[in-house]
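*Asks:* Provided below for reference: sequence and predicted model.
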Amino acid sequence: MPRHPMHGSSRGPAPHRAPAAPFAFATFAAIATRVTRVTRTTIGMRAALAALAALALAPTMGCSARASSAPAPAASSSVEVHSTGASIASLQVAPESLQVDKVGGRDGYLYPDGLRDLVFTADVTGPISAFFLLSTDERGEPNGFFRTNTLTRAEEAPKEFGGMLELGRMTPGLGVYEEGKPLNKDSGAVNVPAGRHLLKLYTSNPGNVTSRSYLRLFGVLADKSIVKSPILAIP
């Protein structure tokens, strides 16, 4: 007689089947691993792109830093020309500097004194009634370390060079020569006429014109206006 299903089966108990959960977990783990790899790849690509961008900007940033750290330019060396045509186009150290003796170390002493002189060449255009050869800073402003001029004993300097506090007798004289002949009067004064003149300037050596010094030649006109040479940097 056949049994009711509720009473069991003659075939014995049904075989045990593994639950579906482990399969689902394995699938989830595989997906998570893949997502992690994709995420890491994306982050890696973003980092690589950022690095490339930084490399591309690096040269520009470097140039900006170098430009910002560059020193400020020195003053212009353009030639100043007065309305009369007076100017000083150049000032240079002459080849015979410290090899000759033409002048002494006192005002108006325009004779050899046994000591070798500083010698300079200057390309000037007159009329000019006095010269000042002065040490300056790198921008061409007088600093007082070295002073020589063609003023006479009681003659006052222009206010730009000290006025009544700078008289001719306070500084050594400046010998001015053209074609080997002195232009100074017996007092030491000069009066360079209109036109171009290639001059040599002789002054005693006080020992304070050294390497990396700056000098400038100033010309004073009859109306007390001033023309300036380019700045001379002593190497």
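*Replies:* Alright, I've got the coordinates. Note that the structure is predicted; figures quoted are calculated from it, not measured.

*Asks:* in this structure, which spans are strands?
*Replies:* Along the chain, counting by DSSP state E, strands occupy 87-93, 117-128, 130-136, 142-149, 175-178, 181-182, 192-204, 214-220, 226-228, 232-233.

*Asks:* of those, which is nearest residue 80?
*Replies:* Within the strands of the chain, the stretch nearest residue 80 is strand 226-228; the backing value is 5.3 Å (C-beta to C-beta). No exception for glycine: its C-beta is placed from N, CA and C like everyone else's.

*Asks:* what mean pLDDT does the closest one get?
*Replies:* Across strand 226-228, pLDDT averages out at 94.

*Asks:* helices or strands up against it?
*Replies:* For strand 226-228, the packing partners by 3 or more C-beta pairs under 8 Å, 6 or more residues apart in numbering; DSSP states H and E come out as strand 87-93, strand 214-220.

*Asks:* about what we covered before: want to throw the strands of the chain into a markdown table with distance to residue 102 and mean neighbour count?
*Replies:* Shown next, in a markdown table, are those (distance: least, C-beta to C-beta, whole Å; neighbours: other C-beta atoms under 10 Å):
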| stretch | distance to residue 102 | mean neighbour count |
| --- | --- | --- |
| strand 87-93 | 15 | 18 |
| strand 117-128 | 6 | 21 |
| strand 130-136 | 14 | 23 |
| strand 142-149 | 13 | 18 |
| strand 175-178 | 5 | 20 |
| strand 181-182 | 8 | 12 |
| strand 192-204 | 4 | 18 |
| strand 214-220 | 17 | 23 |
| strand 226-228 | 25 | 19 |
| strand 232-233 | 20 | 17 |
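
*Asks:* let's have the helices and strands packed on strand 226-228 in JSON lines, adding mean pLDDT and distance to residue 226.
*Replies:* Shown next, in JSON lines, are these (pLDDT from 0 to 100; distance: least, C-beta to C-beta, whole Å):
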{"stretch": "strand 87-93", "mean pLDDT": "98", "distance to residue 226": "10"}
{"stretch": "strand 214-220", "mean pLDDT": "95", "distance to residue 226": "6"}
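
*Asks:* can you add distance to residue 206 and give the ones you listed back as TSV?
*Replies:* Output for these, formatted as TSV (distance: least, C-beta to C-beta, whole Å):
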stretch	distance to residue 206
strand 87-93	16
strand 214-220	13
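
*Asks:* thinking again about what came up before, and the strands of the chain, which one is worst for confidence?
*Replies:* The weakest mean pLDDT among these belongs to strand 142-149, with a mean of 89.

*Asks:* out of the helices and strands packed on strand 226-228, which gets nearest to residue 136?
*Replies:* From those, taking C-beta to C-beta, the stretch that ends up closest is strand 214-220, at 4.8 Å.

*Asks:* hmm, who's touching the closest one?
*Replies:* Strand 214-220 has contacts (C-beta atoms under 8 Å, 6 or more residues apart in numbering) with 86, 88, 91, 120, 122, 124, 128-138, 140, 142, 146, 158, 161, 192, 201, 209, 226-234.

*Asks:* can you check which of the strands of the chain gets nearest to residue 100?
*Replies:* So among the strands of the chain, strand 117-128 is nearest, using C-beta to C-beta, at 6.1 Å.

*Asks:* elements contacting the closest one?
*Replies:* Strand 117-128 packs on strand 87-93, strand 192-204, strand 214-220, going by 3+ C-beta pairs under 8 Å, 6+ apart.
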